[in-house]
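Novice: Fold the following.
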Amino acid sequence: MRLSALLETDALGLRLLGGGDELDRTVRGVMTTDLRDPSRYLTGGELVLTGLAWRHTPADSEPFVRLLAAAGVAALAAGDAEVGTIPQDLVDACARHRLPLFAVGEHVAFATVTEYVVRQVSGERAGDLAAVVDRHRRLMSAGPGSGGPEAVLDLLGTDLDLRAWVLSSTGREIAGSGQPLPAPVRAELAGAQQAASRTGRPAPYRVAVQGGRVYSLFPVRTAGGADIRATVLSDWFLAVEADAADWPAERLDLLRGVAQLIAVERERRDAARAVRRRLASEVFELVAGGAAASEIGARLRAATPVLLPGAGAAPQWQIVVARVDWAGAGDQAPPGPVARTLLEELLADPAEPGADAADRVAVAVAEDRAMALVPLVPQEAAGRGGGRGGVFGAAAGSTGAGGATGTGGANSGGATGASRATGTGGTGAGSTDSGGTGTGGANSGASGGGAGRSGTGGAADSPGSTGTAGTAKRPGHTSGTGGGAPAEDGTVALRADRLLAAVRGPLARGLADDGRLTVGVSAAVGSPEGLRGALEEARHARRVAAARPGPVCVAGHDELASHVLLLPFVPDDVRRAFTARLLDPLHAYDRRHRAELIPTLVAFLDCDGSWTRCASRLHLHVNTLRYRIGRIEQLTGRDLARLEDKLDFFLALRMS
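Specialist: Numbers count the residues shown, from 1 in each chain. Sure thing, here's the model as predicted:
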């Protein structure tokens, strides 16, 4: 289509500000951006839509327009909703570079212009495929009751024999045609999408996954941000099970058009979250301001029907705090909104397929971080006989994320509950932590109501998350790393270790080596009075996560009652001096004599100073063990019969 046709379309309400002699140019696509340099994403012939967020001073207009002209775009259309009138410096720059400039009235959404251009361009380029796009457009514009992206993807299957899925940056499946993609495949595709987008290469991106299947990935982009790193973490994308390397231009244009139509749906859903975001902001403002519990409770009661329609009783709540940090200078996206988008994806509830799962949480932005209010769904509300999977503890008798089935309960990730606790009239199944083993059990909610026992040493060994000894369960609370069973009322709480395992893979590639995501998870609380403490727990847990290495780190509330809370904040020079004074003599002796004093010390402390258990573990005679321990004491001047000296050695080993 030509620019003149756009200008003549009354519904778009475009005003020509310059370039009247260039209106015979052909428009081949549309792009919305507020990047200072969007040239890497331009192929020529686009109508570029911008809200002028890139313009900080009049001097910014000239380089922006010069880049657009060099990329061969058809025209620039600027929105005047924020600035009132289009700046004269932008008008002059477009005139110098012979780039047509339109003003988009504040009553016209960019999505309206995008949808119109996509429909027209797809019809001209794709011939008969225009009917496909038109059917897709009608379905998308029909609103929530039309089937949304799922119906569009079904049309791709029926019209073009293509299987496709819409995924988030965390690998969450928003919509799909056919069978759901396995979690490992979704995580791999999400990571590949982010890594490719960061390079600036034009889409589609070809990805071959384990098993030989090939997917082509198309970004689903809404308004561009000031930092490509933030955009990568926020994008949805369209994954098509096909190799698009040899596709004709018409089919590629069609898939790009479908991606843009899905972007309109993304904007609609994002706008629909405004109420939940406002509720979260109001609750957290009251909590931070020291409001009375009655006032906080009133806000929570207002939030409950919005987040949990039809809930019969007041839910319990958890709070999650997240922060995104970027390294390096230059333009950076405000970290708060990026963290908010990530939290809405990370905490999406997979218990109701087909629903917009991210609508169960309310996330607010406070300066440089995001805070989520998470209602906990009782087991029966999540589906009789099944529990929530994903980042929540799997309910007993259910299948957790990853497809593992336990004899009474199993955690996600394919682990089967290993320990058992027997209660009167029923058997409770213990559970295995992600990456570790639980030696205790917890009641599974089986009939008979047997009393559950906390884990007494089950530790999670997943990277970035250190488990602690299990803690006794209290109503409405499930330990983040010490147990996996639901609470007495069937509520299943968010678990820090599973949250880390679920998102570390894909997001680490998007954050690369210049970004970090740190997350803290509170305990569950059942009253307004407990919300202030939960917020503090989540904040402190996030600080513990921030003290760990790696691009994605998550810490739970249970870690705040352990030495692991203190160790990350010990200065490096103090750590080095402390460990060197205790352990260097042992390391030196081991190097000279191969005496294995360090492994012996580790085993002795693990066995709580038991001579017989330690000797059995090391396959040594007790006298040999006593000789080695005596040598350790002689070299260090410490006495391993004293609790203080045992504790010093334990901490030195943890910090080494």
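
Novice: ok, so what distance separates residue 42 from residue 31?
Specialist: 7 Å (Cβ to Cβ, to the nearest Å). C-beta here means a position set from N, CA and C on the backbone, and glycine is covered the same way.

Novice: Look at the residue nearest to residue 508 when sequence neighbours are not counted and report its pLDDT.
Specialist: Distance criterion Cβ to Cβ, 6 or more residues apart in numbering; nearest residue to residue 508, sequence neighbours excluded, is residue 551 at 4.7 Å. With respect to pLDDT, residue 551 has a value of 89.

Novice: from now on call the first residue 30
Specialist: Okay, using 30 as the starting number, the last item reads as residue 580.

Novice: Compute the distance between residue 580 and residue 588, please.
Specialist: Residue 580 is 19 Å from residue 588, where distance means Cβ to Cβ.

Novice: Looking at these two, which one has more neighbours?
Specialist: Comparing residue 580 with residue 588 by other Cβ atoms under 10 Å, the one with more neighbours is residue 588, at 23 against 19.

Novice: Identify the contacts common to residue 71 and residue 60.
Specialist: Residues touching both residue 71 and residue 60 (Cβ atoms under 8 Å, 6 or more residues apart in numbering) are residue 77.

Novice: ok, and for stretch 87-96, which residues are buried?
Specialist: Applying a neighbour-count criterion of 16 or more other Cβ atoms under 10 Å, the buried positions in stretch 87-96 are 89-90, 93-94, 96.

Novice: Touching stretch 226-237 from outside, list them.
Specialist: For stretch 226-237, contacts defined as Cβ under 8 Å, 6+ apart pick out 69-70, 72, 217-218, 221-222, 225, 243-248, 257-258, 260-261, 264, 269, 272-274, 281, 284-285, 539, 541.

Novice: mind checking how far residue 683 is from residue 336?
Specialist: Residue 683 sits 40 Å away from residue 336, going by Cβ to Cβ.

Novice: Which one's more surrounded, the two?
Specialist: When residue 683 and residue 336 are compared for neighbours, residue 336 comes out ahead with 22 against 13, by other Cβ under 10 Å.

Novice: Who does the nearest residue to the more buried one once chain neighbours are set aside form a beta bridge with?
Specialist: Among residues not flanking residue 336 along the chain, residue 404 sits closest, at 5.0 Å (Cβ to Cβ, 6+ apart). With DSSP bridges applied, residue 404 shows beta-bridge pairing to residue 346.

Novice: can you tell me which residues contact residue 404?
Specialist: Neighbouring residues of residue 404 by Cβ under 8 Å, 6+ apart: 332-333, 336-337, 340, 344-346, 389-390.

Novice: got those residues as JSON lines, with pLDDT and distance to residue 192 columns?
Specialist: Output for the contacts of residue 404, formatted as JSON lines (pLDDT from 0 to 100; distance: Cβ to Cβ, whole Å):
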{"residue": "332", "pLDDT": "82", "distance to residue 192": "38"}
{"residue": "333", "pLDDT": "82", "distance to residue 192": "38"}
{"residue": "336", "pLDDT": "79", "distance to residue 192": "33"}
{"residue": "337", "pLDDT": "76", "distance to residue 192": "33"}
{"residue": "340", "pLDDT": "63", "distance to residue 192": "36"}
{"residue": "344", "pLDDT": "77", "distance to residue 192": "37"}
{"residue": "345", "pLDDT": "84", "distance to residue 192": "39"}
{"residue": "346", "pLDDT": "87", "distance to residue 192": "39"}
{"residue": "389", "pLDDT": "75", "distance to residue 192": "28"}
{"residue": "390", "pLDDT": "83", "distance to residue 192": "30"}
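
Novice: Give me the pLDDT for residue 52.
Specialist: pLDDT recorded at residue 52 is 90.

Novice: er, residue 381 I mean
Specialist: We note a pLDDT of 47 for residue 381 in this prediction.

Novice: Residue 250 now?
Specialist: 76.

Novice: From residue 526, how far out is it?
Specialist: With distances taken as Cβ to Cβ, residue 250 is found 33 Å from residue 526.

Novice: When the two are compared, which one has more neighbours?
Specialist: Ranked by neighbour count (other Cβ under 10 Å), residue 250 and residue 526 place residue 526 first, with 31 against 23.

Novice: Would you mind pulling up the elements that whichever strand or helix holds that one packs against?
Specialist: Applying DSSP states H and E as the criterion places residue 526 in helix 525-540. Where contact means 3 or more Cβ pairs under 8 Å, 6 or more residues apart in numbering; DSSP states H and E, helix 525-540 is packed against helix 212-228, helix 257-263, helix 364-375, strand 544-550, strand 581-585.

Novice: 7 Å instead, please
Specialist: helix 212-228, strand 544-550, strand 581-585 (3 or more Cβ pairs under 7 Å, 6 or more residues apart in numbering; DSSP states H and E).

Novice: Columns mean neighbour count on top of these, output as JSON lines?
Specialist: Below are the helices and strands packed on helix 525-540 laid out as JSON lines (neighbours: other Cβ atoms under 10 Å):
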{"stretch": "helix 212-228", "mean neighbour count": "21"}
{"stretch": "strand 544-550", "mean neighbour count": "28"}
{"stretch": "strand 581-585", "mean neighbour count": "29"}
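
Novice: Next up, the contacts around the closest residue to residue 98 other than its chain neighbours.
Specialist: Spatially, and ignoring its direct neighbours in sequence, residue 98 is nearest to residue 126 (4.0 Å; Cβ to Cβ, 6+ apart). When contacts are counted by Cβ atoms under 7 Å, 6 or more residues apart in numbering, residue 126 is found next to 94-95, 98.

Novice: what residue lies at the spatial centre of this protein?
Specialist: Centroid check for the chain by Cα atoms, centre = their mean gives residue 375 as the closest residue, at 3.7 Å.

Novice: pLDDT below threshold where in the stretch 330-479 of the chain?
Specialist: Within the stretch 330-479 of the chain, the ranges that satisfy pLDDT under 70 run 339-343, 357-363, 378-388, 406-479.

Novice: same thing but at 90, please
Specialist: Residue ranges of the stretch 330-479 of the chain with pLDDT under 90: 330-347, 353-398, 401-479.

Novice: just for the stretch 180-329 of the chain, where's the confidence low?
Specialist: In the stretch 180-329 of the chain (pLDDT under 90), the answer is 180-192, 197-213, 216, 223-232, 238-242, 248-265, 271-309, 316-323, 325-329.

Novice: Quick one: the strands in it, in order.
Specialist: Taking DSSP state E, counting those that start in this stretch, the strands of the stretch 180-329 of the chain run over residues 193-196, 202-205, 234-237, 243-249, 265-269.

Novice: With respect to residue 626, which of these lies nearest?
Specialist: Among the strands of the stretch 180-329 of the chain, the nearest to residue 626 by Cβ to Cβ is strand 234-237 (49.3 Å).

Novice: Name the strands paired with that closest one and say parallel or antiparallel.
Specialist: Here strand 234-237 is paired, per DSSP bridges, with strand 243-249 (antiparallel).

Novice: Enumerate every residue touching residue 217.
Specialist: Counting by Cβ under 7 Å, 6+ apart, residue 217 touches residue 238.

Novice: so residue 539 makes contact with residue 197?
Specialist: No - assessed by Cβ atoms under 7 Å, residue 539 is found out of contact with residue 197, at 11.2 Å.

Novice: For the nearest residue to residue 674 once chain neighbours are set aside, give its distance to residue 345.
Specialist: Among residues not flanking residue 674 along the chain, residue 667 sits closest, at 4.2 Å (Cβ to Cβ, 6+ apart). Distance, residue 667 to residue 345, using Cβ to Cβ: 46 Å.
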